[in-house]
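> Below is the structure, and that's it, no one-letter string:
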């Protein structure tokens, strides 16, 4: 049974588990990234997780299977273990973010059509597009609002 854990204690063990969820998620959904790029980004993930103002972790029998980070009404990250996809977990996390954390904005890689479609289905629309990501890499971003 999936349980949401709001504001979990960000222990080194939990951060390691969430980085593993991130990596599996990215490998399943970010086909535009090379192995080298994933390896280049991965060292920054723990800092992003610990730096998020609010962290919500979805657990199945105490094992993290997804997580989201939010700050100032913005969804900063949402990643699901590939084995947990298609079961309503993304909806559960995003709905929690909207209802309890005031999430009204997010940014998504345009080259991740499944995520774009999910956010559109959840009522978000694109208001801005960039040709590159925040680090200047050639990955267009869509900025969306509910």
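Done, it's in. Note that this is a predicted model, so its numbers are computed, not measured. Numbers count the residues shown, from 1 in each chain.
> what helices or strands is the lengthiest helix in the chain leaning on?
Using DSSP state H, we find that the single longest helix of the chain is helix 12-29. On a contact count with 3 or more C-beta pairs under 8 Å, 6 or more residues apart in numbering; DSSP states H and E, helix 12-29 meets helix 35-41, helix 45-51, strand 63-71, strand 74-80. From N, CA and C alone the C-beta is placed, and that goes for glycine too.
> Give me the contact list for it.
With C-beta atoms under 8 Å, 6 or more residues apart in numbering as the test, helix 12-29 has contacts from 8, 33, 38, 41-42, 45-46, 49-50, 57, 63-67, 79-82, 85, 112, 114-115.
> buried stuff in it?
14, 15, 17, 18, 19, 21, 22, 23, 24, 25, 26, 29 (16 or more other C-beta atoms under 10 Å).
> what's the distance between the most centrally placed residue in the chain and residue 138?
Centroid-nearest residue in the chain, with C-alpha atoms, centre = their mean: residue 78, separated by 1.7 Å. Per C-beta to C-beta, to the nearest Å, residue 78 is found 23 Å from residue 138.
> and residue 95, which of the helices and strands packed on helix 12-29 is closest to it?
strand 63-71 (10.6 Å; C-beta to C-beta).
> could you check the angle helix 12-29 makes with the closest one?
90 degrees (axes from the mean of the first three to the mean of the last three C-alpha atoms, to 10 degrees).
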